[in-house]
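Enquirer: using only what follows, build the 3D model:
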Amino acid sequence: MKAPEEFIDTLKIMLFQMETERLEVSLIPHPDIEKAQAGAKIRYVENQNPEWYRLLCALYQSTAPRYKRCTKFHTKIKRQHIMSILERLIKGMNVNSKYAEELIVIAEGLEEDWEDEYRRYNEL
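Expert: Residues are numbered from 1 along each chain as shown. Prediction:
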């Protein structure tokens, strides 16, 4: 599958998002002063993956066993694989992957969303 020419710029933005936005979590002192004084910490999300990538991961959840308390997505998708598909689509190459069609559909949706935002901005 090849990407339609009209979505190449959107695919480039998606690749840029993948390169610059990734999940980053740090530990910060617990908000409860007593627990914080005891050394308790909580996880704080400093940066997230692009929203479209999180939704894509949710579509392809893994069936492998997980720990019960783990609540994040356990996905079959690998970040580097998606980035490689995006790079090949941008270069106009024929991509033989089940995710390529999904990425083009996502690009089409993003482009429509951005056009709507642009129109609303210009109406101000």
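Enquirer: what segments of this structure are strands?
Expert: For the chain, the strands defined by DSSP state E cover 24-29, 41-47.
Enquirer: now the ones you listed in CSV, with mean pLDDT and distance to K2?
Expert: (C-beta placed from N, C-alpha, C; glycine too.) Shown next, in CSV, are these (pLDDT from 0 to 100; distance: least, C-beta to C-beta, whole Å):
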stretch, mean pLDDT, distance to K2
strand 24-29, 92, 34
strand 41-47, 92, 32
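Enquirer: could those strands go into CSV alongside mean neighbour count?
Expert: Shown next, in CSV, are the strands of the chain (neighbours: other C-beta atoms under 10 Å):
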stretch, mean neighbour count
strand 24-29, 11
strand 41-47, 11
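Enquirer: could you dump these into TSV with distance to K78 added?
Expert: Output for the strands of the chain, formatted as TSV (distance: least, C-beta to C-beta, whole Å):
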stretch	distance to K78
strand 24-29	18
strand 41-47	19
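Enquirer: S62 and K78 touch, don't they?
Expert: No. Using C-beta atoms under 8 Å as the test, S62 is too far from K78 to be in contact (11.0 Å).
Enquirer: minimum distance to L89: which of the strands of the chain has it?
Expert: Nearest of those to L89, taken as C-beta to C-beta: strand 41-47 at 24.9 Å.
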